[in-house]
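Chemist: sequence? don't have it. structure:
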């Protein structure tokens, strides 16, 4: 059995041995669209692995040489339209380059012609490819890239959210029609009831900031618990928790324990530093299979636990340093080092623990 990890690759060159490692340890891989040979090799080694192709819903990139692009509409194609009509523009007519991401240009996602071309291009590209579907990035909720509304054609972010909802529905329906799935990177779904379920309805959803925005900027317990239903689907839930880039950072097991408690091991999990994608993260706990749940999630005062046929997980979402939680651990379990688990564990705030059945 392989682990529950997700390998998120945003463009660094493949290194020797990475494909073999991924096939042995991961459940999901997100590759760049030109990495078709890598996708084919992963599917050969692991037919059960879900291998997704990265595509951006909201931008086009002027620095990409092609002929395969991370966007559904390439920069050259966008420029070839009359007056570059698919580029979003400020009120003075200038195009909008994303803050902090040079060469990324905002598109008029509310333009029906742009939406149709994005869907047509992506479906044509994926139809006979080894990829199982698309991870559609930048299904945005707020202004993350310095758009500074109003702009020409959009006065509020609700205009973007509505347009991207339409685009996800069209792309998901079309991709499903050719046997592929759509997994959007759904931003801030906890802030809009039903957003996660609607956008994940075509194969799943990706939450890039599960339980926190950064390694030292984790959510309060109420906010964290508002995200927990994402672990249960629909479809494939890919949940990424922020760390400082060290695989032994405590946020990794903090998020992994919640992944098991509320998702029962479905979906896939990642824990990385900011924009620290492409490398093969790993800790032994990512490979564990805890088996079927024995009980439903149980909790008290923002601490939760759950017993499985082959293991146990507990998590404390509290942020106050005084709010430690004492949890009873079933007998017959061991920790990552193979040492017997204690009968009781005291969890500090924002910590999680996993134990597995002894061999």
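Modeler: Received it, and whenever you're ready, just let me know what you need. Nothing here was measured: the structure is a model prediction, and the numbers come from that model.

Chemist: for the rest of this, base every contact and every neighbour count on C-alpha atoms.
Modeler: Fine.

Chemist: buried sites along stretch 228-246?
Modeler: 228, 230-245 (16 or more other CA atoms under 10 Å).

Chemist: sitting in helices, which of these do you find?
Modeler: Counted as lying in helices by DSSP state H, out of the buried residues of stretch 228-246, is not a single one.

Chemist: out of those residues, which sit inside strands?
Modeler: Secondary structure from DSSP state E places 236, 237, 238, 239, 240, 241, 242 of the buried residues of stretch 228-246 in strands.

Chemist: just how off-centre is the helix or strand bottoming out on mean pLDDT in the chain within its chain?
Modeler: Across the helices and strands of the chain, mean pLDDT, DSSP states H and E gives its lowest value to strand 325-328, namely a mean of 91. Computed by CA atoms, centre = their mean, to the nearest Å, the separation of strand 325-328 from the middle of its chain amounts to 30 Å.

Chemist: hmm, who's touching the helix or strand just after it?
Modeler: Sequence order places strand 333-334 as the next helix or strand after strand 325-328, per DSSP states H and E. Applying CA atoms under 8 Å, 6 or more residues apart in numbering, the set of residues contacting strand 333-334 from outside is 311, 340, 341, 355, 356, 357, 358.

Chemist: so which of those is the most crowded?
Modeler: Among the contacts of strand 333-334, the one with the most neighbours (other CA atoms under 10 Å) is residue 355, at 28 neighbours.

Chemist: helix, strand, or coil at it?
Modeler: Here residue 355 is strand, with the state taken from DSSP: H, G, I helix; E, B strand; the rest coil.

Chemist: got a list of what it touches?
Modeler: Residue 355 neighbours (CA under 8 Å, 6+ apart): 311, 312, 313, 333, 334, 335, 336, 341.

Chemist: so the second one belongs to a helix, correct?
Modeler: No. In this structure, residue 312 is strand, not part of a helix, as judged by three-state DSSP.

Chemist: any stretches of the protein with poor pLDDT?
Modeler: The model of the chain has pLDDT under 70 over residues 1.

Chemist: which residues touch the spatially most central residue of it?
Modeler: The residue lying closest to the centre of the chain (CA atoms, centre = their mean) is residue 206, at 3.1 Å. By CA under 8 Å, 6+ apart, the contact set of residue 206 is 135, 183, 184, 185, 186, 237, 238, 239, 240.

Chemist: go ahead and confirm the first one touches residue 183.
Modeler: If I follow you right, that is residue 135. Yes. Using CA atoms under 8 Å, residue 135 is in contact with residue 183, at 4.7 Å.

Chemist: re earlier: just the buried subset of the contacts of residue 355, please.
Modeler: By neighbour count, with 16+ other CA under 10 Å, those hold 311, 312, 313, 333, 334, 335, 341 as buried.

Chemist: can you map out the helices along the chain?
Modeler: Using DSSP H, the helices of the chain run over residues 18-25, 36-45, 75-80, 112-126, 157-177, 195-199, 221-227, 250-263.

Chemist: can you put those helices in TSV and add distance to residue 346?
Modeler: Shown next, in TSV, are the helices of the chain (distance: least, CA to CA, whole Å):
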stretch	distance to residue 346
helix 18-25	30
helix 36-45	41
helix 75-80	54
helix 112-126	49
helix 157-177	42
helix 195-199	33
helix 221-227	18
helix 250-263	14
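
Chemist: closest one to residue 94 among these?
Modeler: Comparison of those against residue 94 by CA to CA identifies helix 75-80 as nearest, at 13.6 Å.

Chemist: elements contacting that closest one?
Modeler: Packed against helix 75-80, as judged by 3 or more CA pairs under 8 Å, 6 or more residues apart in numbering; DSSP states H and E, are no other helices or strands.

Chemist: now do the buried residues in that helix.
Modeler: Using 16+ other CA under 10 Å as the burial criterion, the residues of helix 75-80 that qualify are 75, 78.

Chemist: mind checking how far that helix is from the chain centre?
Modeler: With CA atoms, centre = their mean as the basis, helix 75-80 stands 29 Å off its chain's centre.

Chemist: do the same with stretch 130-148
Modeler: Worked out by CA atoms, centre = their mean, stretch 130-148 lies 11 Å from the chain centre.

Chemist: what's the closest of the contacts of residue 355 to residue 52?
Modeler: Scanning the contacts of residue 355 for proximity to residue 52, where the rule is CA to CA, the winner is residue 313, at 28.8 Å.

Chemist: hang on, isn't that closest one packed against residue 259?
Modeler: No. Residue 313 lies out of contact with residue 259 (CA under 8 Å); the separation is 9.3 Å.

Chemist: now for residue 339, how many residues are close by?
Modeler: Residues within reach of residue 339, counting by other CA under 10 Å, total 11.

Chemist: now swap in residue 359 and tell me
Modeler: Residue 359, neighbours per other CA under 10 Å, totals 8.

Chemist: what about it, distance to residue 260?
Modeler: Remark: distance between residue 359 and residue 260 (CA to CA, to the nearest Å) = 20 Å.

Chemist: can you tell me how far residue 199 sits from residue 206?
Modeler: For residue 199 relative to residue 206 (CA to CA), the value is 10 Å.
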